[in-house]
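S.K.: Okay, sequence plus prediction incoming.
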Amino acid sequence: MKQQKKNGLPREETAAAARVLAEAARVVTLVREGRSADAALLQFDQSPSRSAIRAVSLGTLRWLLRFEPAVMTLLARPAGQTPLLLRALLNVAVHQIEQSRNPRESTVSAAVDAARLLNLAHAAGLINAVLRRYLRERETLLAAVDEDVAAGAAHPAWLVEMLKRSWPDDVLAILAANNEHPPLTLRVDLTRIGIDDYLGQLQRAGLAARAVDWLPTAVTLEQAVPVSKLPGFKEGLVSIQDASAQLAARLLEAQPEQRVLDACAAPGGKTGAILELVPAVDLLAIDVDGARLQRVADNLRRLQRNAPLQVADLAGDLAWWDGRCFDRILLDAPCSGTGVIRRHPDIRLLRRADDIAALALTQSRILRNCWRMLAPGGRLLYVTCSLLQQENDAVIAAFLAGTADATAHRPAALPLAVASLRECPVGWQMLPGGEAGGDGFYYACLTRA
Ligand SMILES: C[S@@+](CC[C@H](N)C(=O)[O-])C[C@H]1O[C@@H](n2cnc3c(N)ncnc32)[C@H](O)[C@@H]1O
């Protein structure tokens, strides 16, 4: 017999909901303290509730900058003086109230129970009172927040200002795309299986999917599923990779037998894409982070591909380099990640305005070093998953202005008919979402005289 209902949900369901809210509040607190959401979620990898904890945590992080100002006005103390864990629990609860189908009253009860699980029993009365008042006043509270474009779209104000400067006509569409759930896109290894054959395998597995019309290797699933459910994943027939990221390997225009440098390679998404596209290249993958480079090794093993890997700081002195030049260099530079906010909502909280100039400096430094390793007549593809002109065209334009033997090149594989791909003065920007459906990426291709 089902146990007695508590505020519209059976009692055991409220208890499970309370546990998820408590764990999500812990994750949100860790992110507030500077940890990435992926790192904060690692501890729940083995939990039977991991998908629920992940969904609630990421959903809360996605909307926190809209819901927090609404609920914090109900506290007597300013938000800054409220302990992070208590703030996080209120944010998680408000996110559930606004976005889940559970009865709202039951979310309030679950939040009060969650407070006890988090050793916040002393604040249970406060949480109950604040959330009940939120339920009564939510429309007015949210309407007040929504008067500000940045807060209404749950983005930091500095980022909206920078986006406006880079994309004045597209900023609202970008904010809307950042708030959507990202599609699950696969890269199919066309050397091992045709796209129609793979779509057939997906269909037989009961997974609805369609080919991406502007990219021959890409398939988008209608619903995300764990990789264990994907036919051929373990054998390396497919990888998870957004279409805009997959495009980079094509724009590199590598030819068989060429020496290719995959600079800033980890975790190896583009390494795999290059090797599947042109298996006979002589590729070296480099990253400064040894632990992340291990993930390149794991990915290549699954894909049944091989490449030497090297830990090196590409912003440093190149002492490791043997002097042999590369015909193609893919520089997938470290960046703000402002093009992939829909996948990583924690970027809204973790990035600061000051980071952008510092990133641009590192990007320029790595670019100059990579140029030294490029053979005459060779090509370098500069890629970021940023939407900010400071990290993209500005870096490349300044480099071109100061480098006599560098010219911009237009790769033949650019899907120019796709409306989300915008031509910049030097490179090309894929905006997130829209008709193309991909992440936000920037590409610039340079040829050495
Ligand atoms: C955008 S990620 C690369 C993603 C990768 N290309 C892929 O497709 O999976 C940027 C990478 O740059 C690396 N990185 C950052 N600074 C670096 C440096 N100074 N030298 C080499 N790699 C660096 C980071 O460790 C990170 O793995």
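M.R.: Structure's in. What do you need?
S.K.: what residues does this structure put near the ligand?
M.R.: Where the chain comes near the ligand, counting by Cβ under 6 Å from any ligand atom, the residues are 264-270, 286-289, 292, 313-315, 332, 334, 366. (Each C-beta comes from the backbone N, C-alpha and C, glycine too.)
S.K.: Shouldn't L381 be within a helix?
M.R.: No. Counting by DSSP: H, G, I helix; E, B strand; the rest coil, one finds L381 to be strand, located in no helix.
S.K.: quick revisit: can you tell me which of the residues of the chain next to the ligand are in strands?
M.R.: I286, D287, D332 (DSSP state E).
S.K.: Which of the residues of the chain next to the ligand are buried? Put it as a ChimeraX command.
M.R.: Remark: buried members of the residues of the chain next to the ligand, expressed as a ChimeraX selection using 16 or more other Cβ atoms under 10 Å:
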select :264,265,266,267,268,269,270,286,287,288,313,314,315,332,334,366
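S.K.: In helices only, show me the residues of the chain next to the ligand.
M.R.: Counting by DSSP state H, the residues of the chain next to the ligand place G269, K270, R292, I366 in helices.
S.K.: any idea of the pLDDT on the second one?
M.R.: Predicted confidence (pLDDT) for K270: 98.
S.K.: can you tell me how far it sits from R448?
M.R.: Distance from K270 to R448, counting by Cβ to Cβ, to the nearest Å: 21 Å.
S.K.: And for the third one?
M.R.: Plainly put, R292 is 28 Å away from R448 if you go by Cβ to Cβ.
S.K.: same question, A93
M.R.: Taking Cβ to Cβ, one finds A93 at 56 Å from R448.
S.K.: Over to R165?
M.R.: According to Cβ to Cβ, R165 and R448 sit 31 Å apart.
S.K.: Of the two, give the one with the bigger neighbour count.
M.R.: Each of R165 and R448 has its neighbours counted (other Cβ atoms under 10 Å); R448 has more, 18 against 12.
S.K.: Mind checking what helix or strand follows the helix or strand harbouring T185 in sequence?
M.R.: Per DSSP states H and E, T185 falls inside strand 184-188. Going down the chain from strand 184-188, the next helix or strand is helix 195-204, by DSSP H and E.
S.K.: Now do that following helix: which elements does it pack against?
M.R.: Where contact means 3 or more Cβ pairs under 8 Å, 6 or more residues apart in numbering; DSSP states H and E, helix 195-204 is packed against strand 209-211, strand 218-221.
S.K.: Kindly reformat these as a markdown table and extend each row with mean neighbour count, distance to L199 and mean pLDDT.
M.R.: As requested, the helices and strands packed on helix 195-204 are arranged in a markdown table below (neighbours: other Cβ atoms under 10 Å; distance: least, Cβ to Cβ, whole Å; pLDDT from 0 to 100):
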| stretch | mean neighbour count | distance to L199 | mean pLDDT |
| --- | --- | --- | --- |
| strand 209-211 | 16 | 6 | 98 |
| strand 218-221 | 20 | 6 | 98 |
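S.K.: wait, doesn't R165 sit right on Q389?
M.R.: Yes. At 7.0 Å, R165 counts as touching Q389 under the criterion of Cβ atoms under 8 Å.
S.K.: Spell out which residues are contacts of both of these two.
M.R.: By Cβ atoms under 8 Å, 6 or more residues apart in numbering, R165 and Q389 have no common neighbours.
S.K.: just for the protein, where's the confidence low?
M.R.: Segments of the chain classed as low confidence (criterion: pLDDT under 70) are 1-10.
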